[in-house]
Every structure is written in structure tokens, then in C-alpha cells.
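Enquirer: return a 3D structure for these sequence lines:
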Amino acid sequence: MRASLSRLATVGFLLALIACFKSEEKQVAPAPAAAERIEVLVPELVDAIQAKQPEFILDHLDESFKAEDGLDYFGVRSLVDSYAFRDEEVGARLESVSVTPESDGRQRVKARVSFALGGRLAESAPLPKGAVTYALDLIFELDGTRWQAVAGSYRRE
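Expert: Numbering: from 1, shown residues only. From the prediction side, this is the model:
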């Protein structure tokens with residue numbers, strides 16, 4: 001009885017070992033990660049403002065970012081953090097967006113974004129008193145699979 005249990009355990013071990021080798025042979029290398037789609041990213045960035053997710057926003061801002069007026073990565077980081085750590089809600093809404101490929105592979109994003117303190121901004125609702133809208137003109141560059149803003153300008157409308 002003991003010998004048959006020992007044989008059964010040995011056979012079970014051998015079958016498990018064979019199964020492991022077979023599964024290793026069938027494993028396929030993972031597909032390379034696809035690049036983000038800039039058309040999807042822009043609304044996600046606006047949503048991240050309302051969700052108070054500064055990491056997501058800053059992950060898409062190159063450390064060499066420089067706006068025409070001199071605002072740099074650290075200035076943007078300070079702004080994003082100051083709103084993310086507020087107790088009151090921050091509303092942000094993408095009013096319009098256009099994406100244009102540049103000849104060097106970069107993408108130019110022109111967007112109008114409205115902001116308000118105190119609550120989320122519903123898609124078609126009128127803007128509350130105190131809301132502001134900015135026209136953004138940003139240049140994004142693909143870094144591996146992630147788009148990052150590297151330059152731009154903004155103006156209050």
C-alpha cells in the first residue's frame with residue numbers, strides 16, 4: 001500500500017512537472033504596450049482635475065515643460081497640488097478640443113477648459129458664477145507609450 005502511494009505521488013509529481021514544461025513552451029511574449037491615444041488622454045486629464053489626482057496630471061507633464069509666459073513644470077505642479085489638496089471640490093469641464101499632428105511627430109492640442117470651485121461641472125449646465133475658462137494650446141510629445149506636455153500657452157477667456 002505504501003509503495004503504491006509512493007508511486008502515485010511520483011507519477012503525480014512527474015505529470016505536474018511535464019505540465020509546467022508544456023505551459024512554458026506555450027507561453028507567448030507579451031505584446032508591447034500600445035501608446036496612449038491623445039484624443040482619449042485630454043478628457044482624462046480634465047477628469048483627473050475633478051478627481052483630485054495630481055499624479056496622473058503630472059505624469060503627463062514633462063519636467064522640461066515651459067509655457068510661453070515662463071510657467072514651468074514646478075509652477076504647474078504647485079498649481080495642481082494647491083487645488084488637489086483643497087477641501088472644497090474643484091470642477092473642470094472640457095468645452096472643446098482639437099488635436100493636430102505636427103511634422104515632427106508631436107501633437108498640438110488646442111482646448112478650452114472651464115474651472116470652478118465648490119462643485120463638479122455638469123456637461124451641459126451653465127457655468128456657475130465665479131467659473132473661469134482658459135484657452136490652452138499645448139504641445140505633446142510621445143515618451144515611450146505616454147504623451148507628455150512639453151510646451152504651450154494659455155489665456156483666460
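
Enquirer: do you know how far the most centrally placed residue in the chain is from residue 68?
Expert: In the chain, the residue lying closest to the centroid (Cα atoms, centre = their mean) is residue 56, at 5.1 Å. Here residue 56 is placed at a distance of 24 Å from residue 68 (Cβ to Cβ, to the nearest Å). To be clear about C-beta, it is placed using only N, CA and C from the backbone, and glycine gets the same treatment.

Enquirer: same check, this time on residue 44
Expert: On the measure of Cβ to Cβ, residue 44 and residue 68 end up 25 Å apart.

Enquirer: so where's the protein uncertain?
Expert: Filtered on pLDDT under 70, the chain yields the residue ranges 1-33.

Enquirer: if we go to 80?
Expert: Residue ranges of the chain with pLDDT under 80: 1-35.

Enquirer: quick one: the strands in it, in order.
Expert: With DSSP state E, the ranges of strands along the chain come out as 61-67, 90-101, 107-117, 132-143, 146-156.

Enquirer: mind giving me the packing neighbours of the shortest one?
Expert: Contacting strand 61-67 under the criterion 3 or more Cβ pairs under 8 Å, 6 or more residues apart in numbering; DSSP states H and E are the following elements: helix 73-84, strand 146-156.

Enquirer: most neighbours per residue, which of those?
Expert: Most buried of the helices and strands packed on strand 61-67 by mean neighbour count (mean count of other Cβ atoms under 10 Å) is strand 146-156; its value is a mean of 16.

Enquirer: between that strand and helix 73-84, how big is the angle?
Expert: 80 degrees (axes from the mean of the first three to the mean of the last three Cα atoms, to 10 degrees).
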